[in-house]
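In: let me see the structure of the following:
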Amino acid sequence: MSAHADPADDTQYVTLGIDREVFAVPVEVVLEILDMRPMFRIPEAPAYLAGLIDVRGRAVPVIDLRVRLGLPPVPPDDATRIVVLQAPIGGRVLFIGLVAERVFEVAPLDEGGLEPPPEIGIRWRTAHIRGVGRRGDSFVVVFNLERLFASDAELLGEAISAAPALDPEGAVA
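Out: Here you go, the predicted structure:
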């Protein structure tokens, strides 16, 4: 018997880059990956709430992951993407866009091989991390989306309900 897990048991993740790190979200919560686009900025919103975009007629709040993780903002470039998720957060299913500097690929990470986040030597709150996996010779930090956005669930819901109607380009209709 082999010590390796059956590849069919591997969970698929969308891997994305923030700063020099690689993060991952489960592919089953990813609806689509969009090029960066103009957003409707919500007055008095926290700095990490980049704004709202229209995704197939739905107002979707967009979180700048760099800022949410406590890193300074950077201007978007040609590689910047918005990863649109449909994820269970705060007892309900929310649609959220995440600004990522790069989106790499859909890749399996051995679920059984995820290690708990280290207690030291990491810049982010470990409560936001489900585990650390491997992609080749590199480490991949798998987000715990429920914990990462639990404190934002009410804010995100309010942002959507307070938003004006948006046209497909993100402008106020």
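In: got the contact list for V141?
Out: Residues near V141 by C-beta atoms under 8 Å, 6 or more residues apart in numbering: E21, V22, F23, A24, P117, W124, I129, V132. In this view, the C-beta of every residue, glycine as well, is placed from N, C-alpha and C.
In: can I get those residues in CSV including secondary structure?
Out: Formatted as CSV, the contacts of V141 follow (DSSP: H, G, I helix; E, B strand; the rest coil):
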residue, secondary structure
E21, strand
V22, strand
F23, strand
A24, strand
P117, coil
W124, coil
I129, strand
V132, strand
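In: for Q86, state which of those residues is nearest.
Out: Q86 has its nearest neighbour among these in A24, at 16.6 Å by C-beta to C-beta.
In: G17 is in contact with that closest one, correct?
Out: No - A24 is beyond contact range of G17, at 10.6 Å (criterion: C-beta atoms under 8 Å).
In: tell me which of the two has more neighbours.
Out: Using other C-beta atoms under 10 Å as the criterion, A24 and G17 rank with A24 on top: 25 against 16.
In: can you list the low-confidence ranges for the chain?
Out: 1-10, 110-112, 118-127, 151-173 (pLDDT under 70).
In: for the helix or strand where G133 lies, buried residues please.
Out: Element membership of G133, judged by DSSP states H and E, is strand 129-135. By neighbour count on 16 or more other C-beta atoms under 10 Å, the buried set for strand 129-135 is I129, R130, G131, V132, G133, R135.
In: can you list the residues that contact it?
Out: So strand 129-135 is contacted by 13, 15, 22, 24, 107, 109-110, 113-118, 122, 139-144 (C-beta under 8 Å, 6+ apart).
In: any idea where the helices of the chain begin and end?
Out: Here the chain has its helices, by DSSP state H, at 65-68, 145-149, 153-162.
In: next one: the second one to chain centre, how far?
Out: In this case it means helix 145-149. In terms of C-alpha atoms, centre = their mean, to the nearest Å, the centre of helix 145-149 is found 10 Å from the chain centre.
In: and the contacts of it?
Out: 25, 29, 63, 68, 85, 87-90, 94, 96, 127-128, 156.
In: how about E21: what's its closest non-neighbour residue?
Out: Distances taken as C-beta to C-beta, 6 or more residues apart in numbering put V141 closest to E21, at 6.3 Å, once the chain neighbours are dropped.
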